[in-house]
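> give me a model of this one.
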Amino acid sequence: MGLTLSPTITELLRTLAGDKDIEEFIIDLIAERLDPPRRIELYLKLHGDYLRVAEELYAKGDLVQASEKY
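As a prediction, the model looks like this:
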């Protein structure tokens, strides 16, 4: 699933995120508002997503990108 943001919002997110990846920054913002059980559920789902993507990249031979997801 993709999300389209206006250039203004994208630039603001880049500025606010600083050195962080924008997705990581948004995840942190969302996690702050969740109660502990939902936060754990979020992190477990994200871990599964990242692991699946890493395994796909590894299978394609893209070791650099795969290593960033592990």
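> may I see the buried residues of the helix or strand where Asp49 lies?
Take DSSP states H and E as the rule and Asp49 turns out to sit in helix 36-59. Under the neighbour-count criterion of 16 or more other CB atoms under 10 Å, helix 36-59 has Ala54, Leu57 buried. Placement of C-beta: from N, CA and C, glycine included.
> now for that helix, which elements pack on it?
For helix 36-59, the packing partners by 3 or more CB pairs under 8 Å, 6 or more residues apart in numbering; DSSP states H and E come out as helix 22-32, helix 63-69.
> need the ones you listed in JSON lines (columns: mean pLDDT, mean neighbour count and distance to Tyr50).
Formatted as JSON lines, these follow (pLDDT from 0 to 100; neighbours: other CB atoms under 10 Å; distance: least, CB to CB, whole Å):
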{"stretch": "helix 22-32", "mean pLDDT": "95", "mean neighbour count": "13", "distance to Tyr50": "10"}
{"stretch": "helix 63-69", "mean pLDDT": "87", "mean neighbour count": "12", "distance to Tyr50": "5"}
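> want to throw these into CSV with distance to Glu56?
Below are the helices and strands packed on helix 36-59 laid out as CSV (distance: least, CB to CB, whole Å):
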stretch, distance to Glu56
helix 22-32, 17
helix 63-69, 8
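> so which of the ones you listed is nearest Ala54?
helix 63-69 (3.5 Å; CB to CB).
> shaky segments in the chain?
Residues of the chain that meet the criterion pLDDT under 70 lie in 1.
> care to break it down by domain?
With domains defined by automatic domain parsing, the chain comprises 1-33, 35-70.
> give me the distance between Arg14 and Ile30.
Note on Arg14: its distance to Ile30, by CB to CB, to the nearest Å, is 18 Å.
> OK, contacts around the closest residue to Leu57 other than its chain neighbours?
Closest residue to Leu57 apart from its sequence neighbours, by CB to CB, 6 or more residues apart in numbering: Ala66 at 3.8 Å. By CB atoms under 8 Å, 6 or more residues apart in numbering, the contact list for Ala66 reads Ala54, Glu55, Leu57, Tyr58.
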